[in-house]
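Student: Sequence and predicted model, in that order:
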Amino acid sequence: MTNTYKLYGIPCSLYTAKARSYLRKQRVDFTEFAVSDTHYQNVIVPKVGRMIMPVLESSDGEIVQDSADIIRFFEKQGVTSPALPEAPLLQAVSHLFELFGGEGLLRPAMHYRWSFDDTNLDYLRSEFECLAPANTDPATYLQIFEFGSGRMRKAAKLFGVAEHAVATIEESYKEFLDLFSAHLRLYPYLLGGRATLGDYALMAPLYAHLYRDPKPGQLMRQRAPLVARWVERMNTAEESWADHPNQSQALISGNKLPDTLKALMRYIAEEYLPEISAHTSYTNNWLSERPELKSGTNGLDDPSQRFIGTVEFPWRGTHLKTSVMPYRFYLLQQLHEQVDSLDDGDRKHIESTFTECGLGSILRTRLTRRIERKNYLEVWGELIS
């Protein structure tokens, strides 16, 4: 690709990590700028309508916001190493991990960043300096940081980081590290010999928060060094077969998944299925109470608002309350649309595999209306018949 792109984000941004990894693996010519950049503030923010990251800008001024949309933007142009595999089952698994990677791991990502000030705070103060305008004096920056970090600590609670659940959050994350490590002993990436969509989504929390921040970074290196090396592979354009000397770039079979991958899917069923199911039920009730909701809007007074409410659900022997975000359904919808487009044989194969892993219901967990992105915002589409 000869076009030169600008990526606006910051190094510690979760969703920027997903887009950045994809651009590197696809050898896209890009330069990264912080969201404090004057062009971003004066040109990008007015066009997008809010300060959000990541944002991609082409040399001719085209703007793409959101990591999922950035990946789809390049996939439509044609790339040498597509994020979505050809095999229908592997495509479905990719969509599943795109949802889980960016959304299902937010709880440990936010907990390990904001619950360990003794270890993390000095580092985070330094990391967030790129949010401040150039030449900001130290006293003013400290005020900016305290305000911004205060908002993020509140966001952590919205994602379920509750005091009564801290021990379970940590146990659950360690379980994930162990399961992913077992898989990475056999394969360099989630689906075999090259990075695919699920890898890019997992990079969002695993790199930006859980590899780079001091407290979880130490945990990853000590408990799951293979995951740490996967993170490093995901941040380079070139491949390394140091851990897998006999590996090719071939993907795993689209007919039968390895046990280590199915174990990760069973983990998703326990970790995230109760939450996304509760969010779906809440949202369908919310929609039923608003029969006059106009398509192309989010149904709220603030067009940029990303939460429509909170819901409580059972989780690993306790209960959590988390905020309901329509964006998650935008990702889940990708899975549903892909499966719905298949013939009976491929669809039944996916349903059988997902059911074996405890995930059969996620294929039926659906909204009554489409969720779309319009003018860089999540909005409601038409009723689904």
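Tutor: Noted; the coordinates are in hand.
Student: By residue count, which helix of the protein is the longest?
Tutor: Counting by DSSP state H, the longest helix found in the chain is helix 138-158.
Student: Contacts for it, please.
Tutor: 110-111, 113-115, 124-125, 128-129, 131-132, 136, 307, 310, 322-323 (CB atoms under 8 Å, 6 or more residues apart in numbering). Every C-beta, even on glycine, is put in place using the N, C-alpha and C of the backbone.
Student: Which stretches in the stretch 151-300 of the chain count as strands?
Tutor: Here the stretch 151-300 of the chain has no strands by DSSP state E, counting those that start in this stretch.
Student: Go through the contacts of helix 138-158 and flag which are in helices.
Tutor: Reading helices off the contacts of helix 138-158 with DSSP H, I get 110, 111, 113, 114, 124, 125.
Student: where's the third one relative to residue 204, distance?
Tutor: Distance from residue 113 to residue 204, counting by CB to CB, to the nearest Å: 13 Å.
Student: Let me see the mean pLDDT of stretch 217-232.
Tutor: Looking at stretch 217-232 alone, the average pLDDT works out to 98.
Student: How far away from the center of its chain is that stretch?
Tutor: 19 Å (CA atoms, centre = their mean, to the nearest Å).
Student: Show me what counts as buried in that stretch.
Tutor: Buried positions in stretch 217-232, judged by neighbour count with 16 or more other CB atoms under 10 Å: 217, 219, 220, 224, 226, 227, 228, 229, 230, 231.
Student: what sits up against it?
Tutor: 112, 174, 177-178, 180-181, 184-185, 188-189, 203, 206-207, 210-211, 243.
Student: quick one: terminal-to-terminal distance for that stretch?
Tutor: For stretch 217-232, the first-to-last residue distance is 12 Å (CA to CA, to the nearest Å).
Student: Skip the chain neighbours and tell me the closest residue to residue 284.
Tutor: Nearest in space to residue 284, with sequence neighbours left out and distances taken as CB to CB, 6 or more residues apart in numbering, is residue 368 at 5.3 Å.
Student: got the phi/psi numbers for the one you found?
Tutor: Taking degrees, to the nearest 10, you get phi -90, psi -10 for the backbone angles of residue 368.
Student: just residue 65 next, same as before
Tutor: Main-chain torsions, residue 65, degrees, to the nearest 10: phi -120, psi 140.
Student: I'd like the numbering to begin with 55 instead of 1 from here.
Tutor: OK, 55 is where the count begins now, so the last one is residue 119.
Student: What residues does it make contact with?
Tutor: Going by CB under 8 Å, 6+ apart, residue 119 touches 102, 106, 108, 109, 110, 430.
Student: Now tabulate those in a markdown table and tack on distance to residue 413.
Tutor: Formatted as a markdown table, the contacts of residue 119 follow (distance: CB to CB, whole Å):
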| residue | distance to residue 413 |
| --- | --- |
| 102 | 34 |
| 106 | 30 |
| 108 | 29 |
| 109 | 33 |
| 110 | 32 |
| 430 | 31 |
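Student: And these, which is closest to residue 306?
Tutor: residue 108 (29.3 Å; CB to CB).
Student: about what we covered before: spit out the contact partners of the residue nearest to residue 338.
Tutor: 338, 341, 342, 437, 438.
Student: follow-up on the earlier one: neighbour-wise, which of the contacts of helix 192-212 leads?
Tutor: When these are compared by neighbour count (other CB atoms under 10 Å), residue 167 ends up highest, at 28 neighbours.
Student: Any figure for the gap between residue 69 and residue 321?
Tutor: Residue 69 is 22 Å from residue 321, where distance means CB to CB.
Student: tell me, how many neighbours does residue 346 end up with?
Tutor: With neighbours defined by other CB under 10 Å, the count for residue 346 comes to 5.
Student: can you give me the helices in the stretch 55-204 of the chain?
Tutor: Secondary structure of the stretch 55-204 of the chain (DSSP state H, counting those that start in this stretch): helices at 68-79, 92-93, 99-102, 121-131, 142-153, 160-168, 171-181, 192-212.
Student: Of the contacts of residue 422 - the most surrounded one?
Tutor: Of these, with other CB under 10 Å as the count, residue 341 tops at 17 neighbours.
Student: so what's that one up against?
Tutor: Residue 341 makes contacts with 347, 421, 422, 423, 434, as judged by CB under 8 Å, 6+ apart.
Student: where does the second one fall, helix, sheet strand or coil?
Tutor: Put plainly, it is residue 421. With DSSP: H, G, I helix; E, B strand; the rest coil as the basis, residue 421 sits in coil.
Student: Minimum distance to residue 405: which of the helices of the stretch 55-204 of the chain has it?
Tutor: Residue 405 lies closest to helix 142-153 among the helices of the stretch 55-204 of the chain, at 9.4 Å (CB to CB).
Student: what angle sits between the closest one and helix 121-131?
Tutor: Using axes from the mean of the first three to the mean of the last three CA atoms, to 10 degrees, one finds that helix 142-153 and helix 121-131 are set 150 degrees apart in direction.
Student: Helix 142-153: how far from the chain's middle?
Tutor: 13 Å.
Student: Next, give phi and psi for residue 367.
Tutor: Note on residue 367: its backbone torsions stand at phi -150, psi 160 [degrees, to the nearest 10].
Student: ok, the closest residue to it other than its chain neighbours - contacts?
Tutor: Sequence neighbours aside, residue 332 is the residue nearest to residue 367 in space, at 3.6 Å (criterion: CB to CB, 6+ apart). Neighbour list for residue 332: 365, 366, 367 [criterion: CB under 8 Å, 6+ apart].
Student: ok, now how distant is residue 332 from residue 83?
Tutor: 43 Å.
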